[in-house]
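> Show me the folded form of this:
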Amino acid sequence: MLYTAAMIAELATVPVATVRGWQRRGWIVPREVEHGLARFDFAQVTIARTLAGLFQAGLKPAALAKRLAEIAASLPHVEQPLAELTFLVDGGQLLVRHGEDILEPRGQLRMDFDTLAAEENAEPAILSPPVSGENLVAGAREQEEADNLVAAADLYRAALAAAGPRADLCFDLAETLYRLGDLPAARERYFMAIELDEDHAEARANLGCLLAEMGQRDLATAALEGAIACHAEYADAHFHLARLLDEEGRLDDAARHWRAFLKLAPESPWHEEARTRLEL
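You can find the predicted model right below:
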């Protein structure tokens, strides 16, 4: 079975935006990407849980990126540190278990966790305006990781103005606007992402969920059906469409999508709900 970003977020108890940030940094790597939808194997779920534990302990993404670079220099034979090593926080220090050994904080892997947390919680410096679209995109994603969503939205808009319309950036901006609670603006950006890339299945599915939340149920159904038409094996879209059809009393149609969901994602964190609905 393969897992979507939304499923990983549920299993790791983190926001979907956090999972996407890990993917952008290369900390979790999808097994496949089809129609804009990344899907991951269970090994990546395990890594995501490790990352969630580290961040719950107070470590921030930028700090972890620095430490992983140090590990790469100190342990060049370890190809995938997040998959091959075990990380521990002990007495304010980030330690690494490698095989039977705990790497003591003596060499390059000495990591002062309290200092790192203090550095990462400090007020960010005011940056000079980036000079390229890609710098603007990088800045937007840094602000999004730090939950500075207003700044992230402004930088995504600036990047689109500088580099021209891009489906991926419209999608990222839509996600940020949704988190800000600006549903009409998010809706328009999802529509724009689909106009630019009609096969962007995740944009179609997220638009469907948003339209349902806004009470536009017919449009929501059409958007979710469009996501499935793009990518028939998109389990999340079957799940959300089944739930919507159930709420509308279209039980036979809903059952068809509940069954499709369970076939595609039998170990999903939402499988119990699907089984329960089929038994009613």
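
> Please state the offset of stretch 252-267 from the chain centre?
Taking C-alpha atoms, centre = their mean, to the nearest Å, one finds the center of stretch 252-267 at 23 Å from the center of the full chain.

> my bad, stretch 58-77
On C-alpha atoms, centre = their mean, the centre of stretch 58-77 falls 21 Å from the chain's centre.

> can you pull out the strands in this structure?
3-4, 32-34, 37-40, 86-90, 93-98, 101-103 (DSSP state E).

> just flag whichever of those strands has the lowest average confidence.
The stretch with the lowest mean pLDDT among the strands of the chain is strand 101-103, at a mean of 64.

> Next up, the contacts around the residue nearest to residue 209 when sequence neighbours are not counted.
Distances taken as C-beta to C-beta, 6 or more residues apart in numbering place residue 240 nearest to residue 209, at 5.6 Å, with adjacent residues excluded. No exception for glycine: its C-beta is placed from N, CA and C like everyone else's. By C-beta atoms under 8 Å, 6 or more residues apart in numbering, residue 240 lies in contact with 205, 208-209, 212, 224.

> now the stretch 151-280 of the chain, which segments are flagged as low pLDDT?
280 (pLDDT under 70).

> sorry, back to before: quick one: which of the contacts of residue 240 sit in helices?
Counting by DSSP state H, the part of those found in helices is 205, 208-209, 212, 224.

> Report the buried members of those.
For the ones in helices among the contacts of residue 240, a burial check counting by 16 or more other C-beta atoms under 10 Å picks out 205, 208-209, 212, 224.

> Turn the residues you listed into a markdown table, columns for distance to residue 96.
Listed next are those as a markdown table, based on distance: C-beta to C-beta, whole Å:
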| residue | distance to residue 96 |
| --- | --- |
| 205 | 38 |
| 208 | 43 |
| 209 | 40 |
| 212 | 45 |
| 224 | 44 |
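
> which one of those sits closest to residue 234?
Nearest to residue 234, judged by C-beta to C-beta, of those is residue 205 at 6.6 Å.

> pretty sure the closest one contacts residue 227?
Yes - with contact defined as C-beta atoms under 8 Å, residue 205 reaches residue 227; the gap is 4.0 Å.

> Now do the shared contacts for these two.
234, 237.

> Can you tell me what sits against stretch 184-203?
By C-beta under 8 Å, 6+ apart, the list of residues contacting stretch 184-203 reads 34-37, 165-168, 170-171, 173-175, 177-178, 204, 206-207, 210-211, 214, 226-227, 230-231, 234, 237.

> Pull out the buried positions in it.
Those buried within stretch 184-203 under the rule 16+ other C-beta under 10 Å are 185-187, 189-194, 196-197, 200-203.

> got it, and stretch 60-73?
60-61, 63-64, 67-68, 70-71.

> Could you check how many residues crowd around residue 40?
When neighbours are counted by other C-beta atoms under 10 Å, residue 40 registers 22.

> when you give positions from now on, start the count at 58
Got it, the first residue is 58 from now on, which makes the last one we talked about residue 97.

> Next up, the contacts around it.
59-62, 65, 85-88.

> how about a cut-off of 7 Å?
By C-beta atoms under 7 Å, 6 or more residues apart in numbering, the contact set of residue 97 is 59-60, 65, 85, 87-88.

> Let's see which of these end up in helices.
residue 65.

> Weed out the non-buried ones from the contacts of residue 97.
59-60, 65, 85, 87.

> Now the buried members of the contacts of stretch 241-260.
92-94, 223-224, 227-228, 230-232, 234-235, 261, 263-264, 267-268, 283-284, 287-288, 291, 294.

> Restricted to helices, list these.
224, 227-228, 230-232, 234-235, 261, 263-264, 267-268, 283-284, 287, 294.

> Run a quick neighbour tally on residue 270.
Neighbours of residue 270 (other C-beta under 10 Å): 12.

> For the nearest residue to it once chain neighbours are set aside, give its distance to residue 197.
Spatially, and ignoring its direct neighbours in sequence, residue 270 is nearest to residue 240 (6.9 Å; C-beta to C-beta, 6+ apart). Taking C-beta to C-beta, to the nearest Å as the measure, residue 240 falls 20 Å from residue 197.
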